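Q: Quick check, what structure comes out for this input:
(one chain, ligands or ions: 1)
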Amino acid sequence: MPPHAFAVFTDPKQLLLDMAEQRSVDALLRLIVTRLADAPAVALARVWLTLPPGACDVCRACGREPGTEPALHLAASAGRSVADPAEAWDRVDGAFHRFAPGERKVGQIGRSGRPLEVPAVDPFAPWVADADWVRREGITGFGGQPLVHQGRVLGVLAAFTRGPLDEGAIGWLRMVANHAAAAIATARAFEEVEALRRRLELETEYLRGEVRAAHADGRFVGRSPALAAVLRHVDLVAPTDAAVLVTGESGTGKELVARELHARSRRAGRPLIKVNCAAVPRDLYESEFFGHARGAFTGAARDRVGRFELADGGTLFLDEVGEIPPDLQPKLLRVIQEGEFERVGDGRTRTADVRVVAATNRDLRREVAAGRFREDLYFRLNVFPIEVAALRRRVDDILPLAEHFLAAAAKRLGRPVPRLTPADAERLRRYPWPGNVRELQHLIERAAIVSTGRRLVLDVPDGPPPAAAESPVSLPGVAPDRLWTEAEFRDLERQNLRAALRRAAGKIYGPGGAAELLGLKPTTLASRMKALGVRPNEE
Ligand SMILES: Nc1ncnc2c1ncn2[C@@H]1O[C@H](COP(=O)(O)OP(=O)(O)OP(=O)(O)O)[C@@H](O)[C@H]1O
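A: Numbers count the residues shown, from 1 in each chain. Predicted structure coming up:
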């Protein structure tokens, strides 16, 4: 079948080869419609995909009703207007975005699974949706093909042409549609594997955290007035169902506070479920929180229960709550206010009785002022605030904590507990602990491992005395009142991450890793690196 004067593809064989290379459905569909639209004879090329109710991002973004049955949703579009060359025909959210089964020509192709061609379009035919458009644009042909794979109609490919649509063109369209259906199935399989891999990573990280938490004895150690005040607040608010916002620098013990709140509440017999909001990939947020129905999106191989449902009757701990993307915040507000939510791709409204404890090391009020965090959500989360002070502000806790971690590490290693000398104690008290209790814990655990005799080999960095660490953060060479734009700030953060990774020779986790240098959780660092496009071993 050689290409000819009214070819719908300028180089169909190349297109078939290129299609086979695609690993994502979006890229595949864009490739098909743009190649079709490249042919002079094609005015508009479109692909609609069959999606279950509630699974279409475009419909969700436009606030359209999800409907009750699978429908065809426009997923890719390309073309050129001759009447108004400035008009964009690549949008997918217009009037013909969705067709129910059997609705108009596209819906008929979807329902019957059979092609429908109109070689010479009559603008006055009853099926023509917009006669004006057909005349204005000189549309003379329509070719619609079902995308069928293993007996299922995955979607519809359609081309509106200028010039008659002959057998040759229809033949190519058919062949491309057949290949497209197989390529969509393959790309979906790839996306599914990728989504499963990411989910597995997330689950592994979650379970690691749970194992760590189970190993820790969960006891609060310390004798500072600041810690005593925190425990008084925990006692006061634990028995109520009030939402609690725990604030404080990274590693100060916010998660421990959340666990204690749960343990002392009437929900203690039910689960405490944790979500590290910084570690959830952006496109998985909604499913992570609310669950999804099988087939709701590529990668959704089976129904999945979200964290809210898992926490029903118990407590949901939202760690790093400041990282929740703005588009998910209204949904979170709704479930906190009304206890109602829907799984992705499932129209049924569900309920969950959940107490929310959130934690953040960001200044959420500043995030609200900057428009990155909804004020109403902030007030909902912050019914009862608890602030955990940085370790350098409660120097009295340092030695009891060090002794506690030392005893625990020695027990794990099956060794006698080494002694802290007065000189060690003084070094520990003088160091400002930018990574707070977590940094102290890691340092002591390292020391316990390397110290085989009775004497402890402590490697405390030479830090400034605590008083110096109290001064406000300032960057060398930068005026204190210098303001940074968001882009500059992100760039600074990127540079900072790169510097830490270089110093740690690309290592993220563990002692001497970049996460430790920055006083961040490794999962938080990994997600920031992803968000900022930083790789571990860049030059
Ligand atoms: N007062 C304390 N007594 C005993 N262990 C503590 C205390 N405070 C913190 N820890 C331990 O220090 C480590 C860090 O604490 P945690 O994970 O609660 O900090 P966080 O503030 O939630 O950190 P991030 O902001 O990075 O999530 C944990 O292993 C925790 O058990």
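
Q: hey, let's count contacts and neighbours off CA atoms from now on
A: Fine.

Q: Sticking with residue 362, tell me its helix or strand.
A: According to DSSP states H and E, residue 362 maps onto no helix or strand at all.

Q: could you pull out the helices for the stretch 101-250 of the chain?
A: In the stretch 101-250 of the chain, the segments counted as helices under DSSP state H, counting those that start in this stretch are 104-112, 131-136, 167-215, 225-237.

Q: Export these as TSV, with columns for mean pLDDT, distance to residue 489 and mean neighbour count.
A: Below are the helices of the stretch 101-250 of the chain laid out as TSV (pLDDT from 0 to 100; distance: least, Cα to Cα, whole Å; neighbours: other Cα atoms under 10 Å):
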stretch	mean pLDDT	distance to residue 489	mean neighbour count
helix 104-112	95	48	21
helix 131-136	90	48	15
helix 167-215	82	28	17
helix 225-237	95	32	16
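
Q: Compare those and give me the one nearest residue 357.
A: helix 225-237 (11.1 Å; Cα to Cα).

Q: who touches that closest one?
A: The contact list for helix 225-237, computed with Cα atoms under 8 Å, 6 or more residues apart in numbering, reads 257, 260, 261, 264, 384, 386, 387, 388, 389, 394.

Q: need the helix or strand of this protein with the lowest average pLDDT.
A: helix 466-469 (a mean of 42; mean pLDDT, DSSP states H and E).

Q: And the contacts of helix 225-237, which two are furthest apart?
A: 264 and 394 (24.4 Å).

Q: Which residue comes closest to residue 224 once chain neighbours are left out?
A: Closest residue to residue 224 apart from its sequence neighbours, by Cα to Cα, 6 or more residues apart in numbering: residue 396 at 5.3 Å.

Q: same thing with residue 48?
A: In space, residue 48 is closest to residue 74, 4.0 Å off (Cα to Cα, 6+ apart).

Q: Am I right that that neighbour is in a strand?
A: Yes. Using DSSP: H, G, I helix; E, B strand; the rest coil, the assignment for residue 74 is a strand.

Q: what about the residue nearest to residue 224, distance to residue 222?
A: 7 Å (Cα to Cα, to the nearest Å).

Q: Contacts only, for the residue nearest to residue 48.
A: Neighbours of residue 74 in contact, by Cα under 8 Å, 6+ apart: 46, 47, 48, 49, 92, 93, 96, 97, 98.

Q: before we move on, what about residue 163?
A: Residue 163 touches 6, 41, 139, 140, 141, counting by Cα under 8 Å, 6+ apart.

Q: redo that, cut-off 10 Å
A: Residues near residue 163 by Cα atoms under 10 Å, 6 or more residues apart in numbering: 5-7, 40-43, 119-121, 138-142.

Q: measure the closest residue to residue 509 other than its chain neighbours to residue 279 for me?
A: Spatially, and ignoring its direct neighbours in sequence, residue 509 is nearest to residue 522 (5.6 Å; Cα to Cα, 6+ apart). Per Cα to Cα, residue 522 is found 9 Å from residue 279.

Q: what about the two, which has more around it?
A: For residue 522 versus residue 279, neighbours defined as other Cα atoms under 10 Å are more numerous around residue 279 (23 against 19).

Q: Was I right to think that one contacts residue 204?
A: No. Look at residue 279 against residue 204 with Cα atoms under 10 Å: they stay out of range, at 11.7 Å.

Q: Quick check: buried residues in stretch 326-342?
A: Residues of stretch 326-342 classed as buried by neighbour count (16 or more other Cα atoms under 10 Å): 329, 331, 332, 333, 335, 336, 339, 340, 341, 342.

Q: hang on, the first one is in a strand, isn't it?
A: No. According to three-state DSSP, residue 329 belongs to no strand; its state is helix.

Q: so of the buried residues of stretch 326-342, which ones are in strands?
A: 340, 341, 342 (DSSP state E).

Q: Just put these in JSON lines and tack on distance to residue 425.
A: Output for those, formatted as JSON lines (distance: Cα to Cα, whole Å):
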{"residue": "340", "distance to residue 425": "52"}
{"residue": "341", "distance to residue 425": "52"}
{"residue": "342", "distance to residue 425": "54"}
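
Q: Which one of those is nearest to the ligand?
A: Within these, proximity to the ligand (Cα to the nearest ligand atom) peaks at residue 341, which comes in at 26.4 Å.

Q: domain parsing for this structure?
A: Under the assignment automatic domain parsing, the domains of the chain span 12-191, 216-389, 392-471, 480-539.

Q: Any idea which of these gets closest to the ligand?
A: domain 216-389 (3.1 Å).

Q: distance between that closest one and the chain's centre?
A: 16 Å (Cα atoms, centre = their mean, to the nearest Å).

Q: Close to the ligand: what parts of the stretch 251-400 of the chain are there?
A: Contact residues (Cα under 6 Å from any ligand atom) of the stretch 251-400 of the chain with the ligand: 251, 252, 253, 254, 255, 256, 361.

Q: OK, contacts around the first one?
A: With contacts defined as Cα under 10 Å, 6+ apart, the neighbours of residue 251 are 361, 388, 390-391, 433-441, 519-521.

Q: what about stretch 507-517 and the ligand, touching?
A: No. Counting by Cα under 6 Å from any ligand atom, the ligand is not contacted by stretch 507-517; separation bottoms out at 10.0 Å.

Q: which outside residues touch that stretch?
A: Contact partners of stretch 507-517, identified using Cα under 10 Å, 6+ apart, comprise 434-435, 438-439, 442-443, 445-446, 497-506, 520-526, 536-537.

Q: From those residues, which land in helices?
A: 438-439, 442-443, 445-446, 497-503, 522-526 (DSSP state H).

Q: Run through those and flag the ones next to the ligand.
A: Within the set of those, contact with the ligand (Cα under 6 Å from any ligand atom) is found for residue 438.

Q: Just the buried ones among the ones in helices among the contacts of stretch 507-517, please.
A: For the ones in helices among the contacts of stretch 507-517, buried by 16+ other Cα under 10 Å: 438-439, 442-443, 445-446, 497-498, 500-502, 522-526.

Q: right, and the pair among these with maximum separation?
A: It's 445 and 498 that sit farthest apart of those, by Cα to Cα, at 26.9 Å.

Q: Mind jotting down where the helices sit in the stretch 301-450 of the chain?
A: 307-310, 329-338, 364-369, 375-381, 398-413, 422-430, 436-450.

Q: winner for burial among those helices?
A: Burial of the helices of the stretch 301-450 of the chain is given as mean neighbour count (mean count of other Cα atoms under 10 Å); helix 307-310 ranks first at a mean of 22.

Q: Give me the mean pLDDT for that helix.
A: What helix 307-310 shows for mean pLDDT is 91.

Q: related to what we said a few turns ago, closest to residue 304 among the ones in strands among the buried residues of stretch 326-342?
A: Closest approach between those and residue 304, by Cα to Cα: residue 342, at 11.9 Å.
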